[in-house]
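>>> What would the 3D arrangement of this be:
(2 chains)
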Number of protein chains: 2
Amino acid sequence: MTVALYPLTINSDRLNRSILQLAEIGKLPNSGVSRVAFSTEDLLARQLVQSWMLEAGMTVRIDAAGNIIARYAGKNRSAALATGSHIDTVPVAGRYDGCLGVLAGIEVVRVLNENHIRLDHPIEVIVFTDEERSVLGCKAMAGEVKEDPSYYGRLDGTAIQPCLEKIGGDWSKIATARRDPSEMAAFVELHVEQGGVLEHLDLQIGVVTGVVGQYRFAVKVVGCPNHAGTTPMKMRKDALVAAAQMVLAVNRIALENPGEQVATVGYLSVVPNSTNTVPGEVDFRIDLRDLSQENLEFLVSEIKQEFEAIANATGTDFTLRETLHVMPTLSAPHIMETIAQVSQELGLSYTHLPSRAGHDAQEIGRFTDMGMIFVPSRNGISHSEEEYTSPEQCTQGANVLLQTFLKLDQLYFV
Amino acid sequence: MTVALYPLTINSDRLNRSILQLAEIGKLPNSGVSRVAFSTEDLLARQLVQSWMLEAGMTVRIDAAGNIIARYAGKNRSAALATGSHIDTVPVAGRYDGCLGVLAGIEVVRVLNENHIRLDHPIEVIVFTDEERSVLGCKAMAGEVKEDPSYYGRLDGTAIQPCLEKIGGDWSKIATARRDPSEMAAFVELHVEQGGVLEHLDLQIGVVTGVVGQYRFAVKVVGCPNHAGTTPMKMRKDALVAAAQMVLAVNRIALENPGEQVATVGYLSVVPNSTNTVPGEVDFRIDLRDLSQENLEFLVSEIKQEFEAIANATGTDFTLRETLHVMPTLSAPHIMETIAQVSQELGLSYTHLPSRAGHDAQEIGRFTDMGMIFVPSRNGISHSEEEYTSPEQCTQGANVLLQTFLKLDQLYFV
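Coordinates of the predicted model:
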């Protein structure tokens, strides 16, 4: 399955100029960007990116979900090799989250186009609509959009219909955005890691093994509020003592079981929260993520069992309510293999790792072969003006994407 | 030291009528009382109580701190046997906290007066000013008032000077409220337990061994806020995981060391408190109480040592700041002995226990012999409309107070 590398390479200056130029739209004081989906800034950014797509020799269409789908024609096949990501951001963001994947995709086509190369497969570069909040664009392609449009209403009260209209979409035809598996042979997304694994290991490329599934739970622990002075230690039903044990149980279960699952209690609130009152009630939330649905279910059962034991031992009661469940999506093995092989041939160090944040690829992977390429994030920081990936690292990721496409073109042709 | 009981007994009906009548002033819908110090209700209650003191044959004066000091003359001594408590309440209170001690004191004098009995020592029944918030009355008697009057400003912004004026006190002369040890041979306070120990043990009388000392600390734990998805378990500095261990350490140190100390984390707050963010910072407060200052210091050093170890193990930093320190006050051994002996002779079951809530006796005990008598609180509840001690239990406590005074009168005369 070894195929020699094409003697093609990304134009690093051009790629990084594009990144900086896109970051001018919605620019924040400290090198960050604010470009929330459907905002004026988002519209301007979509225009700029479309002009680059056209310049690179691609045709551009907008589907009913507002996704921008640029296509570089192939020679022999109709099913596309697709890439892309998003250019909308969280309210305070960096320059790289999403944008790198879109701009690297365009750069791959620029390189092919200026070298007069066409692959057997068409290439699609996709800008997905509103990845950061509703994940509407990729969900529409996967046919996973909820029927009730109010589910997609904006925080400021705006309905989704006029939002989609602004970007060329059409809520009433959203079902038409669904893609048939026959239209897309594979989807490969380049993204910044948004975590610290690659930097910590001093590696250049992450071969993503899949995008994790996620459970969220709301937990309420009920004890008995009482005077902190007059209630002897052994007569207490201290909800915070119980909750503290539960927080540590969640942490321990994630740490001590084999695997790379993560579990977090990020939110916790005490009632009545008074220095001299034994806490009567504690609410907290669990966020649990892993690549394996089976493992997630095992961890949830472990957590429930531990919580039962803790409640019994502390004389407290608890309820545990599921508030979110997203199924994991695994990367296609031959795409992972290709990315790893390409990295090696390019002389780039790499490791396999799961993506523990959500991505457009998670939804696209529900109907076609999916893979992801990660490049390092400085200090593991993302969703922050401090987000940073060096020009050299961006170029390395884009080169891996280019060579992966060239190899996949042959692989899928067979 | 055994002295036969006097054939005297409390008029139970009269005592309990007084309790209910006083509870009419500031009455709440569910059998509770609201009578915050210096309020109209407090003024009315002070008038009523003074009229009862006068009727019982006592002279009444108000000191500069607004304390009501009623005196039933003795035969041979100038140093008083004193009792009393307070009639101000927390904003939502029951009928018994404080009031029982004042009204039982008056009832003791009524019994003596109607039987034409005078002790060798004068008896003082004292209503202390604002026990519930500033503890100003008893502190003034102990000479422990802070110089800056703004320290005693009310929550509604009123200064302490006009408050004291309203009740017959005078801030400018507050130093004159200080009592010389030679004026008071002993102070015995009857109070409801406000905890569940006596009820739990099914006992009638508590012989209070002292009023606990107290430390409060504000703790800040600093970790590193991070994405709950993308940050591997082993790369986290989770401030809540560290704080949870500290909460449990505080609990364990109080539970596992010998003694009857109590330690509570009643307040805890997480930053940024977001479900999908590893907590970067946690603030919490420790409330620690015990009879022994030496033991308190030992426990504080244990807590600090454990916190150091937890911070090291979790990669977090912490600061621990003392926000309150009150020295414990021990009961005088011969007063405890007398209360125990009287209880036995009256056929009342009893145990020795510390008071883990603050009381006027704590300050008075700093300059003279102090003792306290506890009667049970139903379900250990206080500072609530649900506070309840039965008429029979109130009478039992008052009878112990009466007989204790009769015995102490002889004991101190020797």
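
>>> if I look at the residue in the stretch 51-200 of chain A positioned nearest to chain B, how far off is residue B:176?
Residue nearest to chain B within the stretch 51-200 of chain A: residue A:195 (3.1 Å; Cβ to the nearest Cβ). Every C-beta, even on glycine, is put in place using the N, C-alpha and C of the backbone. For residue A:195, the distance to residue B:176 equals 69 Å [Cβ to Cβ, to the nearest Å].

>>> neighbour count winner among these two?
More crowded of residue A:195 and residue B:176, by other Cβ atoms under 10 Å in any protein chain shown: residue A:195, with 28 against 11.

>>> Could you find the closest non-adjacent residue to residue A:63?
Nearest residue to residue A:63 in three dimensions, chain neighbours excluded: residue A:177, at 4.2 Å (Cβ to Cβ, 6 or more residues apart in numbering or on different chains).

>>> make that residue A:385, sorry
Closest residue to residue A:385 apart from its sequence neighbours, by Cβ to Cβ, 6+ apart: residue A:32 at 2.9 Å.

>>> so what's the residue in the stretch 201-350 of chain A that chain B sits nearest to up against?
Closest to chain B within the stretch 201-350 of chain A is residue A:230: 3.1 Å, counting by Cβ to the nearest Cβ. Applying Cβ atoms under 8 Å, 6 or more residues apart in numbering or on different chains to residue A:230 gives the contacts B:193-196, B:355-357, B:380, B:382.

>>> what's the closest of those residues to chain A?
Closest to chain A, out of all of the contacts of residue A:230 and judged by Cβ to the nearest Cβ, is residue B:195, at 3.1 Å.

>>> give me every residue that touches the closest one.
Contact analysis of residue B:195 by Cβ under 8 Å, 6+ apart lists A:227, A:229-232, B:356-357, B:377, B:380, B:382.

>>> Around chain B, pick out the residues from the stretch 1-150 of chain A.
Taking Cβ under 8 Å from any Cβ of the partner chain, no part of the stretch 1-150 of chain A reaches chain B.

>>> show me where pLDDT drops low in the stretch 1-150 of chain A?
The stretch 1-150 of chain A contains residues with pLDDT under 70 at A:1-4.

>>> Which residue ranges of it form strands?
A:59-62, A:68-72, A:80-85, A:123-127 (DSSP state E, counting those that start in this stretch).

>>> Are there helices or strands packed against the shortest one, and which ones?
Spelled out, it's strand A:59-62. Contacts defined by 3 or more Cβ pairs under 8 Å, 6 or more residues apart in numbering or on different chains; DSSP states H and E place strand A:59-62 against helix A:40-55, strand A:68-72.

>>> could I get the longest one in PDB with only the CA atoms?
Just to be clear, that refers to helix A:40-55. The C-alpha trace of helix A:40-55 is given here as PDB (Å, rounded to 0.1, in the frame of the first residue of the first chain):
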ATOM      1  CA  THR A  40     -21.800  40.800   9.900                       C
ATOM      2  CA  GLU A  41     -18.200  39.500  10.400                       C
ATOM      3  CA  ASP A  42     -19.300  36.000   9.500                       C
ATOM      4  CA  LEU A  43     -20.900  37.200   6.300                       C
ATOM      5  CA  LEU A  44     -17.800  39.200   5.300                       C
ATOM      6  CA  ALA A  45     -15.600  36.200   6.000                       C
ATOM      7  CA  ARG A  46     -17.800  33.900   4.000                       C
ATOM      8  CA  GLN A  47     -17.500  36.300   1.000                       C
ATOM      9  CA  LEU A  48     -13.700  36.500   1.200                       C
ATOM     10  CA  VAL A  49     -13.400  32.700   1.500                       C
ATOM     11  CA  GLN A  50     -15.700  32.200  -1.500                       C
ATOM     12  CA  SER A  51     -13.600  34.600  -3.600                       C
ATOM     13  CA  TRP A  52     -10.500  32.500  -2.800                       C
ATOM     14  CA  MET A  53     -12.300  29.300  -3.700                       C
ATOM     15  CA  LEU A  54     -13.200  30.700  -7.100                       C
ATOM     16  CA  GLU A  55      -9.700  32.000  -7.700                       C
END
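
>>> what's it packed up against?
helix A:12-23, strand A:59-62, strand A:68-72, helix A:99-114, strand A:123-127.

>>> Dump the ones you listed into JSON lines; add mean neighbour count and distance to residue B:135 as well.
Below are those laid out as JSON lines (neighbours: other Cβ atoms under 10 Å in any protein chain shown; distance: least, Cβ to Cβ, whole Å):
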{"stretch": "helix A:12-23", "mean neighbour count": "17", "distance to residue B:135": "61"}
{"stretch": "strand A:59-62", "mean neighbour count": "14", "distance to residue B:135": "72"}
{"stretch": "strand A:68-72", "mean neighbour count": "23", "distance to residue B:135": "71"}
{"stretch": "helix A:99-114", "mean neighbour count": "25", "distance to residue B:135": "63"}
{"stretch": "strand A:123-127", "mean neighbour count": "27", "distance to residue B:135": "68"}
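
>>> what about the closest residue to chain B within the stretch 301-414 of chain A, how many neighbours?
Nearest residue of the stretch 301-414 of chain A to chain B: residue A:356, at 3.9 Å (Cβ to the nearest Cβ). Neighbourhood size, residue A:356 [other Cβ under 10 Å]: 24.

>>> So which of the helices and strands packed on helix A:40-55 is nearest residue A:217?
Taking Cβ to Cβ, helix A:99-114 is the member of the helices and strands packed on helix A:40-55 nearest to residue A:217, at 31.2 Å.

>>> now for that closest one, which elements pack on it?
Packed next to helix A:99-114, using 3+ Cβ pairs under 8 Å, 6+ apart, are helix A:12-23, helix A:40-55, strand A:68-72, strand A:80-85, strand A:123-127, strand A:184-192, helix A:391-413.
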